[in-house]
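Peer 1: Pasted the sequence and its predicted model underneath.
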Amino acid sequence: MKTVLITGANKGIGFETAKQLAQFNYFVYLGSRDKKLGLEAIRKLNDLGITNVETIVIDIADINSVRQARQQLERKIDSLDILINNAAIAGDQPQNFSACKLENLRAIFDVNFFGTIQTTQEFLPLLRKSSQPSIINVSSEVGSLAGHSSPNRNVGRDKFHAYGSSKTALNAFTIMLANELRDTGVMVNSVTPGHTATDLNQFQGTKTVEQGAVPIVKLATQAHPDITGKFFRDEGEVAW
């Protein structure tokens, strides 16, 4: 049974992704900053008859928490097949760069960018022990520079400059890490769930969490060594 760690998995898209992957017979570790919330998520899955799941406490912005989670997982498994870097924060409004507070920008990057990188670095040795390791970074179309520079761009994305730029940085991390690891067999890709209704956007999204999890689950279950350094959505590849 393949093993998966999903950060920020006690709710929203992370929880739904965990549910769907568990139903595909993966053993899923649900990362949660709060142990109580993580256990509540496990109980919900157990109530659905899903037992191949377990919670693990991890705050990706806290390196000590990340290291403790890695040590805990190393005591349980010999290798990790898939790391899904899902945990993220939206930050406060306003986010347009002419008015955004730098404290807000730093807080967003501390989780969405630096937190993801330090989590990946900690779990990479465990991933390398897998026969087909995969790192999936949950990004967003508001991080697409092609989208922002298009004459037909969605002006609604201007409300998320800080959040979007953190996802642009995350996409750069995806490409560069994929290139670095290209000859090692470790696949690294970005994926956007689309505009999904979660507490990240005050449930204003147009897609359900069930729909939003689909491209993430597809990328996890249909991994191929030649597919790395890419950015995907439901309809296929996204322009960086």
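Peer 2: In hand now; what should we look at?

Peer 1: Doesn't residue 232 lie inside a strand?
Peer 2: Yes. Secondary structure of residue 232 (DSSP: H, G, I helix; E, B strand; the rest coil): part of a strand.

Peer 1: Isn't it up against residue 223?
Peer 2: No. Applying Cβ atoms under 8 Å as the test, residue 232 and residue 223 come out as separate, 11.6 Å apart. C-beta coordinates here come from the backbone N, C-alpha and C atoms, glycine included.

Peer 1: Got the confidence number for the residue nearest in space to the middle of the chain?
Peer 2: Centrality entry for the chain: nearest residue to the mean C-alpha point is residue 86, 2.1 Å, by Cα atoms, centre = their mean. On pLDDT, residue 86 comes in at 98.

Peer 1: Repeat that for the one 4 residues further on.
Peer 2: pLDDT, the model's per-residue confidence, is 93 for residue 90.

Peer 1: and residue 28, what element?
Peer 2: Under the criterion of DSSP states H and E, residue 28 resides in strand 27-32.

Peer 1: Can you give the strand pairings for that strand, parallel or anti for each?
Peer 2: If you go by DSSP bridges, strand 27-32 pairs up with strand 3-6 (parallel), strand 53-57 (parallel).

Peer 1: What's the first helix or strand after it?
Peer 2: helix 35-47.

Peer 1: For that following helix, the averaged confidence score.
Peer 2: Helix 35-47 shows a mean pLDDT of 98 in the predicted model.

Peer 1: Cool, thanks, signing off.
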